[in-house]
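Asker: got a structure for you, letters missing:
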């Protein structure tokens, strides 16, 4: 089905804008489903279930801060983002912070999100291996080939169509799983009471999620590719609001599965709650539906990351705008991600550290530029690299040491430096 969609759309993306942003003509439905399909990856779904089993309802904030981020985008940024008429976040950064910051951000995204794609390939291949009974190597090659084929053939037009299908399958799997579990193994509904903070998940944890995780929903190269493709600023704003509402509803459903598990799955260290639910509490048909939903979530995140990385490589690093160039960059990214997934999985966590570097280092200066409506003076464009570097460096250290406060400190240091660079008065 996925390859068929790519073949169907293979002639619609002959121009660069049509190929990478579907001609900037996506309506509310396609933008909303695309944003949701991108955000609701396998790690988010299974991670929220696991966290809810451990800490209860406050696990909601894993995705709940995303809803806050989308509302902030809708109110303050939706019109600005479309008015810039750019293709990528690094191109937007070039307009706001200069070419040096653009190049630094482009390299950060190309390297960091390569690890994200590899991790998604790993997740999808494991699911195919389990369900299909084929070898790991065949699963990995098959997953990578299918995702590359339909994405390269149809570009963004194929992605938005498949995202709508994949989000539908995912929603059906999550809601169906929750309904079946509550019907066959009931729990007192008082246990589902929305307690937003508790002893296991206090204010400091929530604040970390809000700043570091939530910031990734306000400033994000992958999510911006969805917003840039909207046909109008009004449509983008409406899509962001709809996405926030849907994200809250789906997050509550996912959290409820984890809370249900507290009553039936013992709290033994090392327990994989999702696997226990699938193996012991769901019938085969429901397990397959849920697994297909999770697989859809993985694929819908991987294809978007793939085309965004390839577009950044082609436009912001190679300084070209060719559809064939994006396809070649996409092929190179697919091959590298597959090699990492198949033979070098031990370095994946190091590549994924780039996400912390991005959140702590890059998000603050871009946010100050966007929210402050302040043009950066030419003689200060290199100075902003200090904010990016210091914040990113602390994000790197904090992530490697697993110290959340160091990452958070990096964010605020970068934010303060950015405000100083933008708003300090010129010397006379």
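Answerer: Perfect, I can see it now. These figures come from a predicted structure and were not determined experimentally.
Asker: Every contact and neighbour count from this point should use C-alpha atoms.
Answerer: Will do.
Asker: For burial, what's the neighbour tally of the residue lying closest to residue 383 once chain neighbours are set aside?
Answerer: Distance criterion C-alpha to C-alpha, 6 or more residues apart in numbering; nearest residue to residue 383, sequence neighbours excluded, is residue 421 at 7.0 Å. Number of residues near residue 421 (other C-alpha atoms under 10 Å) recorded here: 20.
Asker: Quick check: the gap between residue 421 and residue 36.
Answerer: Distance of residue 421 to residue 36, computed by C-alpha to C-alpha, to the nearest Å: 35 Å.
Asker: hang on, residue 123 packs against residue 299?
Answerer: No. Judged on C-alpha atoms under 8 Å, residue 123 makes no contact with residue 299 at a distance of 9.4 Å.
Asker: Residue 292 contacts residue 168, correct?
Answerer: No. Contact between residue 292 and residue 168 fails when scored by C-alpha under 8 Å: they sit 11.1 Å apart.
Asker: ok, the two, which is more surrounded?
Answerer: More crowded of residue 292 and residue 168, by other C-alpha under 10 Å: residue 292, with 20 against 15.
Asker: Tell me how far that one lies from residue 372.
Answerer: On the measure of C-alpha to C-alpha, residue 292 and residue 372 end up 44 Å apart.
Asker: likewise residue 330?
Answerer: From residue 330 over to residue 372 the distance is 35 Å, taken as C-alpha to C-alpha.
Asker: same deal with residue 152?
Answerer: 38 Å.
Asker: These two: who's more crowded?
Answerer: When neighbours are counted by other C-alpha under 10 Å, residue 152 and residue 372 differ, and residue 152 comes out ahead with 28 against 12.
Asker: Wait, that one touches residue 324, no?
Answerer: No. With contacts counted by C-alpha under 8 Å, residue 152 stays clear of residue 324, the gap being 9.3 Å.
Asker: what's around residue 94, how many residues?
Answerer: Other residues close to residue 94 by other C-alpha under 10 Å number 18.
Asker: repeat for residue 268
Answerer: Around residue 268 there are 7 residues (other C-alpha under 10 Å).
Asker: Could you look up the SS state of it?
Answerer: coil (DSSP: H, G, I helix; E, B strand; the rest coil).
Asker: Next up, phi/psi of it, please.
Answerer: The phi/psi pair for residue 268 (degrees, to the nearest 10) reads phi -90, psi 140.
Asker: before we move on, what about residue 87?
Answerer: For residue 87, the backbone dihedrals are phi -100, psi -30 (criterion: degrees, to the nearest 10).
Asker: now it, nearest residue through space, not along the chain?
Answerer: Residue 87 sits nearest to residue 228 (C-alpha to C-alpha, 6+ apart), 6.8 Å away.
Asker: now residue 143
Answerer: In space, and not counting its chain neighbours, residue 143 is closest to residue 125: 6.2 Å by C-alpha to C-alpha, 6+ apart.
Asker: right, and that neighbour touches residue 145 too?
Answerer: No. Between residue 125 and residue 145 there is no contact under C-alpha under 8 Å: 11.3 Å.
Asker: So those two - more neighbours on which side?
Answerer: Legend: neighbour count by other C-alpha under 10 Å for residue 125 and residue 145, higher for residue 125 (27 against 17).
Asker: Flag the shaky bits of the stretch 251-400 of the chain, pLDDT-wise.
Answerer: Scanning the stretch 251-400 of the chain for pLDDT under 70 picks out 344-352.
Asker: tell me how far the lengthiest helix in the chain is from the chain's mean position?
Answerer: As assigned by DSSP state H, the longest helix anywhere in the chain is helix 136-184. The chain centroid and the centroid of helix 136-184 are separated by 15 Å under C-alpha atoms, centre = their mean, to the nearest Å.
Asker: Ends of stretch 258-278, what's the gap?
Answerer: Taking C-alpha to C-alpha, stretch 258-278 runs 13 Å from one end to the other.
Asker: Give me the buried positions along stretch 193-204.
Answerer: 197, 201 (16 or more other C-alpha atoms under 10 Å).
Asker: if we can go back for a sec, hmm, the residue nearest to residue 87 is touching residue 84, no?
Answerer: No. Between residue 228 and residue 84 there is no contact under C-alpha under 8 Å: 9.3 Å.
Asker: next helix or strand past the helix or strand where residue 386 lies?
Answerer: For residue 386, the host element (DSSP states H and E) is helix 384-401. Following helix 384-401 in sequence order, the next helix or strand is helix 404-423 (DSSP H and E).
Asker: Break down the stretch 201-350 of the chain into its helices, ranges please.
Answerer: Counting by DSSP state H, counting those that start in this stretch, the stretch 201-350 of the chain has helices at residues 203-208, 214-218, 221-228, 233-264, 273-276, 284-312, 323-343, 348-357.
Asker: Just want the angle from the longest one to helix 221-228.
Answerer: The one in question is helix 233-264. Counting by axes from the mean of the first three to the mean of the last three C-alpha atoms, to 10 degrees, helix 233-264 lies at 140 degrees to helix 221-228.
Asker: returning to that earlier point: and residue 228 and residue 84? which has more neighbours close in?
Answerer: Taking other C-alpha under 10 Å, residue 228 and residue 84 do not tie; residue 228 has more neighbours (29 against 12).
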